[in-house]
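> sequence plus the predicted model coming up.
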Amino acid sequence: LFFQYNPDGYEWGDMHWYHLISTDLLHWKHLPVALAPDQPYDCGGVFSGSATIVNGTPVLTYSVLCQNVTAAAIPVDMSDKGLQQWKKPDYNPI
């Protein structure tokens, strides 16, 4: 499960993507933040997006506030069943 998250408080702003996993949808394991605004093209925060599979690889795509662009992230380690770490490829923004 991914959702928008502001680590600075309950108000809207500085959006990140938080990450949880569950095997039964009742008990959840909190994982590290999946996406944070850490690139120049992420100005304004990491906003709405989606997750999909492209050629067997999970891909997160998201929009940013200050530009009319979309960016993507892929898993750092595909053997990690929790997909706990994500990286933003050099081809960003899309």
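Yep, that arrived.

> wait, doesn't Lys29 sit right on His19?
No. At 9.5 Å, Lys29 does not count as touching His19 under the criterion of C-beta atoms under 8 Å. Where C-beta positions appear, they are placed from N, C-alpha and C, glycine not excepted.

> what residues are bridge-paired with the most centrally placed residue in the chain?
Taking C-alpha atoms, centre = their mean, the centroid of the chain lies closest to Leu35, which sits 3.6 Å from it. Beta bridges link Leu35 to Trp17 when assigned by DSSP bridges.

> try Phe2
His19.

> just checking, it touches Val33?
No. Phe2 is beyond contact range of Val33, at 10.0 Å (criterion: C-beta under 8 Å).

> between the two, which contacts overlap?
Jointly contacting Phe2 and Val33 under the rule C-beta atoms under 8 Å, 6 or more residues apart in numbering are 17-19.

> buried ones among these?
Among the shared contacts of Phe2 and Val33, the ones that count as buried by 16 or more other C-beta atoms under 10 Å are 17-19.

> export those as TSV, with columns for pLDDT and distance to Tyr41.
Formatted as TSV, these follow (pLDDT from 0 to 100; distance: C-beta to C-beta, whole Å):
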residue	pLDDT	distance to Tyr41
Trp17	95	15
Tyr18	95	21
His19	94	21
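
> of those, closest to Asp90?
Checking the buried ones among the shared contacts of Phe2 and Val33 against Asp90 with C-beta to C-beta, the nearest one is Trp17 at 20.0 Å.
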